[in-house]
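Peer 1: Kindly return the folded structure for what I paste below:
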Amino acid sequence: MMMWHHGFNGRAGLALLLLFAASLASAAFTDALEEAFVFPPDSARPWVYWFFMDGNLTREGITADLEAMKAAGIGGAIYMEVDVGVEPGPVEFMGPEWQEMLGHAFAEADRLGLEIALAAGPGWCGTGGPWVKPGQSMQHLVASETPFSGPGRFDAVLPQPKPRTPYFGEGTLTPELRKLWEGFYEDVAVLAFPAPAEGARIADPDEKALYRRDPYSSMPGVKPFLTAPADPGAAPADQCVPRDGVVDLTAMLAKDGRLVWDAPEGAWTILRFGRTITGQTTRPAPLPGLGLESDKFDPAALDAHFAAYIETLLDHTGAPKNPGRGLTTLHFDSWEMGAQNWSADFAAAFEKRRGYAPLRFLPALTGRVVDSVEVTERFLWDLRQAAQELVIENHVGRLRGLAAKRGLAFSSEPYDLNPCSNMEMGAVADVPMCEFWSKGFGFTTEFSCIEAASTAHTTGKAVVAAEAFTAAPGEDWRQHPASMKAQGDWALCAGITRFAFHRYQAQPWLDRFPGMTMGPYGVHWERTQTWWDMADAYHQYLARCQHLLRRGLFVADILYLAPEGAPHVFRPPSSALTGDLPDRRGYNFDGCAPGVFLERAAVEDGRIVFPDGMTYRLLVLPRFDTMTPRLLRKIMEMVENGATVIGAPPRKSPSLADYPQCDAEVNELAARLWGEGASEPDRAVGKGRVLLDAAAFQPFEEKPLAAARWIWHAEGSPAVAAPAGKRFFRHAFEIEDGAAVQSARAFMTADNSFELFVNGQAAGTGNNFNVTQVMEVGALLRPGENFLEVAAGNGDDKPNPAGLIGALHLIFADGSARVIATNGEWTSAQKKDGAWTPVMDLGPHDMAPWNLKGLAPWQRELYPDYDTTARVLSGMGVAPDFSSGVPLRYIHRRDGETDLYFVANPNEHALEVECHFRVTGRQPEWWDPMTGARRDLPKFFPDTDGRTGLLLMLEPVQSGFVVFRKPAGTPQENVRNFQRPKAGAAIDGPWTVSFDPKWGGPEKVTFDKFEDWSQRPEPGIKHYSGKAVYRTTFDASGDAPEGRVLLSLGEVKNMASVRLNGTDLGVAWCAPWRLEIPEGLLRPQGNELEITVANLWINRLIGDSALPKRKRLTWSTLTPFRPDSPLEPSGLLGPVEVMGGEMIE
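Peer 2: Have a look, this model is predicted:
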């Protein structure tokens, strides 16, 4: 059976399969797995974020949106209403008409078999609204300071502390909200203490005391975690506030703020502490939904919000009627509310959880050192830990419980600005979520996908959802399924099993195109797209992939334990990933939150196991020299029961709880695990092993760019001002044959941005010169000549400083080292294919205007490098789960006795590559998600290491499943698993092309050859956007193609559906733009071919920008184009050919 199909899917797959429905029902499916692959269930379909713009909604628009989703193969929608600068509509948020329309949306979704997730509050983040009272909103503990010299009576009104500026600024406050923010204050404590002559201060007190948590995804330099070193530094005792010297004067404070106190002799500092609100609002909610965010520590505050918002809506719309359709889910989106550090009951909750009262440590919240730096840091660690526990238990976890009582599942996207560990908070959700932005149009948030997948795997959740392809201003209708294919395959390999496209913009009208937008944000994934009625082909592909990737269990060998403490963003070692988009290497991994590990991890037969069946062979500890006794006891238990652990011994607890006895227990347990002095590299403990991570003790390389020079293309004075735009750089170097590279780490930054390629493979990117990116590139190197290539961009639209600096640090197996750094030996060019000339050497790493200071401690690797863990696993007799001659993307799931490998070619060129899979004794099959077709791969060979090898041939960005489920047959020698089609007869035309006059095109025109519409002289074609139909007739005389027959469209801009002799062949939505011709359909003469091509909206929008509004054909709330904006290539570019060829030869 031959399958040439890459680019074929959707309605054609369904249509052709229905032609043979009887045989499919009886003989085609050998089991339910096959049937569900060909016809994936509705639950496997992708979702969308369904955004409504501030009152712009109509019943007919809601119905049209949902019917268009259903027709295109969408499975569900996350309902949100926001204000992002679009003119408000007539339907007031939360008003009677609005609630009626919301109920209509739920009912229509139920009718159509779609699912709806309702956001937990107005806007896209949080749980709040105008019903939230100040006392139940997010709060900070603030202080005012008054000096006094004793002895003597202090009798005065202490200044009332002022609230801190809201994280997103005072501009987010309406006049009414400003009054609440300025007016709410409750006293908490008054403390006095002897004033040190020169008061010591802790570093970064706002961060450590949770006054501020910046977005890791979008703000350069934000720490992914706060370190908790055993020795955090010291301060002279006379500069510290002695805990025993803190006097509690709270009972002496009058209601008007007056304090009367007889102070002893000496200089005193009096601190008045009080609760104020953070001022965080529900931005970007519509004005009627704009209010304060509820207190994330107080369960009563959440209950009040749930009653005022969710219960009100459910009481009006009614409970869900049918399982799996209509309203099914409550959704808590990305945390964009900043941090809080106090509430009315926080002190009592802290004492209950940590075992001591926080009162005498409160001066630490002003940045002062209490007792010592170490004691102060421990208290602040405890404060953050208590805050995390309260958020998870009293807010996110409680929200899930409230949703469950109303029959709703709970999804949560727990990343960014939150005061918790992302994975700890994500573990609460029924559906953990993450986000990835469209490549080239936004932020680098792939880390959140790794976190969400890890969370799902370690908590037994099959669905891992992603806010997919979010796009910043500038995307402007440019994205389409073909441009998104490679990144989408990356997300599938990262463990995502439900795409939720950001965004489907609700369209209140039936006659405006492209219509309403979410301000400037994309991607544009709605019924007004030019190609929307072809999108079901892409969605069917995703549904097949998502269904199979939910089956069984993820296969991984390494479990990285995240450190305790909050906040925390999990980052695996850079060496465990490769490429610009972080692809996995041969030994796959998950991260694990400490709370999940404590509650769920066990050991069976030497493996780390979880109740749902996940297993790992190796536990890797973070390079923290602090750990709580509870967590270390758990690790001790795991090792004694047979686990293999690699790490370095902790020396202290990070907490003040049970201090100093906690440190003694940590040292006792560490000695039992690692031995006295941690001198044994490999130590047997009970049934298990402890391997020493010796590199954890090595000095941190703070200035990896010290040997490098800033460089730029030789033009003008780049350090002062260089022309805006991209410049290209390259350098060649040799690695001697036989020289084994143990570690290869690239450090690089640029003003303003860079993309690094090693031997033609993407290695990493950066977009802020203050942040040095660290990239492990060992997998991309080779013996002999190697090439470093960089595309560096100087932003802005006018000349400004530009520079590039980088260094590749090589460590070889024999202990030798080498640094390849940017210097005057590099070459550069204005264009990638331009003339290469020597670069300009600008100066050393610390030169102005960049003044690099080196890496921050949190930028060091938190775990041993990949090669270290790989050697351990190899020594345990474990072969890599997957390997290939050139880098491919992959993910492996095991469903009972069936192994499912999803493999994807990330390149824009075809590959023929030998691959090895950690399965033996079973027959490899190729399952194609584009068509649903399955067949055996007859040529394979068993490896000596218990794996199966076979040769894959993949088209550009092609992907598919290699499935092992039945006993292996006899491998065949003189065959090929894949064969490219043979070139066939060209269909040259002429072509009659029919454009839609509604969009300015000619009703009918003849093309004698294939032409790019944007290059035609006619304005109606040059600026045309929409669909055009190409028609011709042709003969298939001469020798008929052997085997199956294909129709190749050559190149298409941007999607095409095809009919041949009245039969729908389907949609070609990505390269190589080929569709299969069913047997018997091709005639010797008089074949009628009809190809419908859809391009993008851009050309028509550009054309309309030159016209008066009354003459424009398009209408949109977003108008980013000008008459001189570049046009996009469009149409059928060909060549069109009939191809054939035998699969096996």
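Peer 1: so what's the closest residue to L1060 other than its chain neighbours up against?
Peer 2: Excluding the flanking residues, the one nearest L1060 by Cβ to Cβ, 6 or more residues apart in numbering is L1089, at 5.6 Å. Bear in mind the C-beta positions are built from the backbone N, C-alpha and C, glycine included. Shown in contact with L1089 (Cβ atoms under 8 Å, 6 or more residues apart in numbering): 987, 1030-1034, 1047, 1058-1060, 1136.
Peer 1: got the buried residues for the strand or helix carrying L1089?
Peer 2: Assigned by DSSP states H and E, L1089 belongs to strand 1087-1094. Going by neighbour count (16 or more other Cβ atoms under 10 Å), the buried part of strand 1087-1094 is 1087, 1089-1094.
Peer 1: swap in stretch 950-964?
Peer 2: Neighbour counts using 16+ other Cβ under 10 Å place 950-952, 954-964 of stretch 950-964 among the buried residues.
Peer 1: Quick check: L1089 vs K1004, distance?
Peer 2: Distance check for L1089 against K1004: by Cβ to Cβ, to the nearest Å, it reads 16 Å.
Peer 1: For the longest helix along the chain, what does the pLDDT average out to?
Peer 2: Ranked by residue count under DSSP state H, the longest helix found in the chain is helix 373-391. Average pLDDT, helix 373-391: 99.
Peer 1: Which strands and helices lie in contact with the helix or strand following that helix?
Peer 2: Towards the C-terminus, the helix or strand next in line after helix 373-391, according to DSSP H and E, is helix 397-405. Helix 397-405 sits against helix 299-306, strand 326-332, strand 409-412, with contacts defined as 3 or more Cβ pairs under 8 Å, 6 or more residues apart in numbering; DSSP states H and E.
Peer 1: Can you name the next helix or strand after the last one?
Peer 2: When you say that, I think you mean strand 409-412. Under the assignment DSSP H and E, the closest C-terminal helix or strand after strand 409-412 is helix 422-426.
Peer 1: can you check the first one too?
Peer 2: Next in sequence after helix 299-306, counting helices and strands by DSSP H and E, comes helix 312-317.
Peer 1: Distance-wise, check R201 relative to W858.
Peer 2: Distance from R201 to W858, by Cβ to Cβ: 20 Å.
Peer 1: for the longest helix of the chain, which positions count as buried?
Peer 2: Using 16+ other Cβ under 10 Å as the test for burial, helix 373-391 gives 373-391.
Peer 1: returning to that earlier point: what sits opposite the residue nearest to L1060 in the beta ladder?
Peer 2: Beta-bridge partners for L1089, by DSSP bridges, are T1032, L1060.
Peer 1: What of E435?
Peer 2: In this entry, E435 is beta-bridged to E467, by DSSP bridges.
Peer 1: That one: how many residues sit nearby?
Peer 2: Close neighbours of E435, defined as other Cβ atoms under 10 Å, add up to 25.
Peer 1: ok, now E640?
Peer 2: E640: 15 neighbours (other Cβ under 10 Å).
Peer 1: Backbone dihedrals for it, please?
Peer 2: Torsion angles at E640 (phi, psi; degrees, to the nearest 10) stand at phi -60, psi -30.
Peer 1: Excluding chain neighbours, what is closest to V603?
Peer 2: In this structure, V603 finds its nearest non-sequential neighbour in N641, 4.0 Å apart by Cβ to Cβ, 6+ apart.
Peer 1: my guess is that neighbour contacts D605, does it?
Peer 2: No. Using Cβ atoms under 8 Å, N641 makes no contact with D605, being 10.1 Å away.
Peer 1: So for those two, which sits in the more crowded spot?
Peer 2: More neighbours surround N641 than the other of N641 and D605, with 15 against 8 (other Cβ under 10 Å).
Peer 1: show me the contacts for the more buried one.
Peer 2: The contact partners of N641, taken as Cβ under 8 Å, 6+ apart, are 602-603, 686-688.
Peer 1: Select from these every entry located in strands.
Peer 2: The strands, defined by DSSP state E, take in 602-603, 688 from the contacts of N641.
Peer 1: pLDDT score for G1141?
Peer 2: G1141 is assigned 62 on the pLDDT scale.
Peer 1: when you give positions from now on, start the count at 21
Peer 2: That works, and once the first residue is 21, the last one we named lands at G1161.
Peer 1: Got the domain ranges for this structure?
Peer 2: Domains of the chain are assigned by automatic domain parsing as 574-717, 729-874, 899-987, 1002-1160.
Peer 1: quick one: low-confidence parts of the chain?
Peer 2: Applying pLDDT under 70 to the chain picks out residues 21-48, 719-721, 1058-1063, 1161-1165.
Peer 1: Which pair of the contacts of N661 spans the longest distance?
Peer 2: Greatest spatial distance among these (Cβ to Cβ): A622 and G706, at 14.2 Å.
Peer 1: Compare those two (neighbour count), which wins?
Peer 2: Using other Cβ under 10 Å as the criterion, A622 and G706 rank with G706 on top: 17 against 13.
Peer 1: phi, psi of the more buried one?
Peer 2: Torsion angles, degrees, to the nearest 10, at G706: phi 60, psi -130.
Peer 1: That one against V659, yeah?
Peer 2: Yes. Judged on Cβ under 8 Å, G706 makes contact with V659 at a distance of 6.0 Å.
Peer 1: where's the residue nearest to L1080 relative to E700, distance?
Peer 2: To E700, L1109 is 74 Å away according to Cβ to Cβ.
Peer 1: likewise A764?
Peer 2: Going from A764 to E700 by Cβ to Cβ gives 29 Å.
Peer 1: Please say which of the two ends up with more neighbours.
Peer 2: For A764 versus E700, neighbours defined as other Cβ under 10 Å are more numerous around A764 (25 against 13).
Peer 1: so what's the more buried one up against?
Peer 2: So A764 contacts 796-798, 801, 828-831 (Cβ under 8 Å, 6+ apart).
Peer 1: any idea how far it lies from I840?
Peer 2: A764 is 10 Å from I840, by Cβ to Cβ.
Peer 1: okay, and the common contacts of the two?
Peer 2: Common neighbours of A764 and I840, using Cβ under 8 Å, 6+ apart, are 828, 830.
Peer 1: Need phi/psi at the closest residue in space to A217 that isn't next to it in sequence.
Peer 2: If the residues on either side of it in the chain are set aside, A217 comes closest to D258, at 6.6 Å by Cβ to Cβ, 6+ apart. When read as degrees, to the nearest 10, the backbone of D258 gives phi -80, psi 0.
Peer 1: In stretch 1030-1047, which residues are buried?
Peer 2: For stretch 1030-1047, the buried set under the neighbour-count rule, 16+ other Cβ under 10 Å, comprises 1030-1034, 1036, 1040-1047.
Peer 1: What of stretch 312-321?
Peer 2: Residues of stretch 312-321 classed as buried: 312-319, 321 (neighbour count, 16+ other Cβ under 10 Å).
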